[in-house]
Structures are given as C-alpha cells and as structure tokens.
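have a look; sequence and predicted model below, questions after that.
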Amino acid sequence: MKIVILGMDGYIGWPLALNQIMKGNQVCGIDNFSRRENVKEMGSQSATHILSMEERIKNLKHEFGNNIDFYKGDLLDAQFTDNVIKKFKPDIIVHLAEQPSAPYSMIDQEHNVYTHTNNVIGTLNLIHSMQRHSPNAHLIKLGTMGEYGYDPGLEIPEGFYEIEFRGKKAKVPYPRLAGSWYHWTKVHDSNNIMFACKLWGLKSTDIMQGIVYGTKTDELDDEKYNTRFDFDEAFGTAINRFCAQAVIGHPLTVHGLGGQTRGFLALNDSVQCISLLIDNPPADGEYRVVNQFDEQHSVMQLAKKVQYIGNKLGLNVEIKNKENPRKEAEEHYYKADHGILKSLGFSQTRKIDDEIEIMLKHLMKYKNRIEEKKHVIVKNIKWK
Ligand code: USQ
C-alpha cells in the first residue's frame, strides 16, 4: 500500500513510519518541522536524543531500501499539498500534522490563531487535494477524546448517538464540548471532514485519541530510531511529564487535586491502532469515528503510579499539588466507549505500570538533557 504520513517527524508519526516500512508498505512522509520549532520557542528540547530527518531517512534507506520518500512542506501551502497528493496517489493518508498542545493554544491570541490556521485550514487544503487527486484514499485523521469534553456527566459513545426529540428519533453526532482552543480546532476539523465525506463520497476514520505515553515501540529499539519526548508545560503530557520530573527529582506537578480523568494508551498501542485502521478502511463515503484509548485513570492515580514505580527504581519521587492553571472541574464523571478498535482486533500490548517502568529506565539515560531544561517544567500558562 502507498501511505502518506503527514507529520512524520512527530512523536507518533515517526514510529508509525517505521512500523509501516517494516510491514513492507511504501511511505511518503511530510513535515514542516514546526514541532521542533515550537518546542524551541518554549525554551525546551526533546528529552530523548533524536536525529534530523535527513539522518533518519538515510538510516532507513540503508536498512530497508528505497520504500520511503520525504518532503519538507506545509499543508497551508495548497500548491505543495496538491502536488504531493497528485504525484504519490496514496491509498492511505494519515494526518498527524497538527499543532497538538492545548496549553500552547491558550498562551494568547497569536497562539490561538496560529493553532486554528495551522490545524483547520491545513486540513481543508488536504481534503480539497484528496477530492481532486485521490478520492478513493482512506483519510485517517488524528482527533482527540477532548473533543467531547469532560463536563456533561454523560457516557460518551463513539462519535454518534441516538436521540429522541419531540417524538422523532435520529442518529446524530454526539455533542462536542471541548475545553481549550486547541481541542476546538479538532472539533472544527471533524465537522469539515464529516461534511466532505457526505458531499464528495470521501472515506475517513476520525480518531478520538486519549493521552499517549511512552518512549518505545516494538520498532524503536535502537537509540538511533528514537522518537521525540517532550516534557515542557506546553508539549509534554501529564504522564510523560511526571516521568521526566521523577527522573530529575522534581516534585510531580499535579494540577489541583488531580481529579481529572482521561483515557490513556501506550505509544506502541497507538501505532498498533493506526496500523489496524490502515488495514480496515470504512466503506466509500463513510465517516467513521473511533475512540482510541485503553486504560482510564485520574491524574492523581497516575502520579501515584509514577511515584511508586520510581521509588522502586531508587528515585525519590514527591508529589506536589499546584493551583490548576486550566479551567477544569476538580472531579467529573467519565465513561467512554472504545469498542470499535477491539472489534477490529486491537488488544493492549503494554500495561501502564510496565510502560512507566520502561519509560523511567529509558529516561534515566537522558537525565542530563532533562536537567538542562528543567526551567520549562513550570511556565504557568493559564486558561484566561
Ligand atoms: N496535568 C497535570 N499536571 C501537569 C500536566 C497536566 O495535572 O503537569 C493535568 C491537566 O490539568 C489535565 C490532564 O492532566 O487535567 C491532562 O493534561 P495533558 O496536558 O496531559 O493533556 P491534554 O492537554 O488534554 O492534551 C493531550 C495532548 C493532546 C491530546 C489530548 C488527548 O497534548 O494532543 O489531544 O491529550 S485528551 O486529553 O484525551 O483530550
């Protein structure tokens, strides 16, 4: 199969590219390297040492032959996007090329508008190019569980639900109640893609993904293939940040009482899920939504896990609650379906406790790189 991976330089894009090349698929990667730049803007760097894309491609070609192409470019450049889709004529397009940080989008107007432009307009350019040059391709788009939000206190289905209103029944999109400007960009994308499927008969899977954690996948054994790992306040997510903090003896930064609950999944399982979706497309014209996570925990439960496992490894891990810089409830009801991926054959390969141990041991090798940038751990980006 011919697969375009948009955002191939990213945390998930890179291990996914390795996974697909090792499966014998032909991969064409695209990236504008904005993640590297945006992390630098935060004053930070990846904890793991990562190679440049040029070096990564050189190593891959050396080991796996010429089944890989890479183009530096931006989805905001409609001509560039069009040229790539026209030239490569992919069977599958995996779209991971978005600004992924909620805190980054909340810094100020400029960061909010940048996130909206990058994510929403970039996706619009992509679906127009698809319609022109690859209308039969399967678009796999990374959305987020955060599109549903964490407020309504209702169970969450996978994308759609049945309602009865004034005597009539219908299956309609489940309400989206996102909690940051970033999360809203994903909602706008979802609406646009759903409409494109209806209008042009495109087929797409919209992934509502939970929080991904870890440094390793089955394909990432060799340090030269490391994927990035962020721990700054904007680009590091809770569990990855807690592990980086534990390694340098920084108290774990639990927001409020840590009562917010999320769905989680290991990097290896995120790659496994996307790979399953690649192999199992929806019908022509179908817009399919899948909820992609496997374990559910509160932030405080996570911090306690990192503390327990870290202490077992000889670290001295302290937890420190801090005032929550976000607009979030202290606690909330959370129960979300996630059966579609299981029905396609997904089964968890990494349990959170095991992966935390693997991650801590791996990050200990990079303690100096985390120490060097420890000032980025608390920046106090507030939801204003
Ligand atoms: N949190 C802490 N301490 C920290 C960092 C975060 O207590 O040092 C708390 C936050 O207040 C929040 C929870 O942990 O309640 C999750 O925050 P997060 O930064 O790990 O995740 P979030 O902002 O929700 O965004 C991340 C990814 C995003 C993805 C999303 C999936 O950055 O790309 O879409 O997870 S989900 O959370 O399911 O919406």
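Good, I have the coordinates.

enumerate every residue touching the closest residue to the ligand within the chain.
Distance from the ligand to each residue of the chain (CB to the nearest ligand atom) is smallest for residue 146, at 2.5 Å. The C-beta positions use only the backbone N, C-alpha and C, and glycine is treated the same way. Each residue near residue 146 by CB atoms under 8 Å, 6 or more residues apart in numbering is listed here: 102, 178, 179, 180, 183, 186.

phi, psi for the residue lying closest to the fourth one once chain neighbours are set aside please.
Right, the one you point to is residue 180. Closest residue in space to residue 180, ignoring its immediate chain neighbours: residue 102 at 3.7 Å, by CB to CB, 6 or more residues apart in numbering. Main-chain torsions, residue 102, degrees, to the nearest 10: phi -70, psi -50.

isn't residue 123 right up against residue 191?
No. Contact criterion CB atoms under 8 Å: residue 123 and residue 191 do not qualify, at 10.5 Å.

residue ranges for the strands of the stretch 1-150 of the chain, please.
2-6, 26-31, 68-72, 92-95, 138-144 (DSSP state E, counting those that start in this stretch).

which one of residue 123 and residue 191 is surrounded by more residues?
In terms of neighbours (other CB atoms under 10 Å), residue 123 is the more surrounded of residue 123 and residue 191; the figures are 25 against 13.

what would the strands of the stretch 1-150 of the chain look like in CSV with distance to residue 206, mean neighbour count and mean pLDDT?
Below are these laid out as CSV (distance: least, CB to CB, whole Å; neighbours: other CB atoms under 10 Å; pLDDT from 0 to 100):
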stretch, distance to residue 206, mean neighbour count, mean pLDDT
strand 2-6, 15, 25, 98
strand 26-31, 20, 24, 98
strand 68-72, 25, 17, 96
strand 92-95, 10, 26, 98
strand 138-144, 5, 25, 98
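
would you mind listing what in the stretch 201-350 of the chain touches the ligand?
210-211, 237-238, 241, 253-255, 258, 260, 262-263, 299, 324, 326, 328 (CB under 6 Å from any ligand atom).

in helices, which of the residues you listed appear?
The helices, defined by DSSP state H, take in 238, 241, 299 from these.

next, count neighbours for residue 149.
Count around residue 149 with other CB under 10 Å applied: 18.

picking up where we left off before, and which of the residues of the stretch 201-350 of the chain next to the ligand is nearest to residue 315?
Nearest to residue 315 among those, counting by CB to CB, is residue 241 at 14.9 Å.
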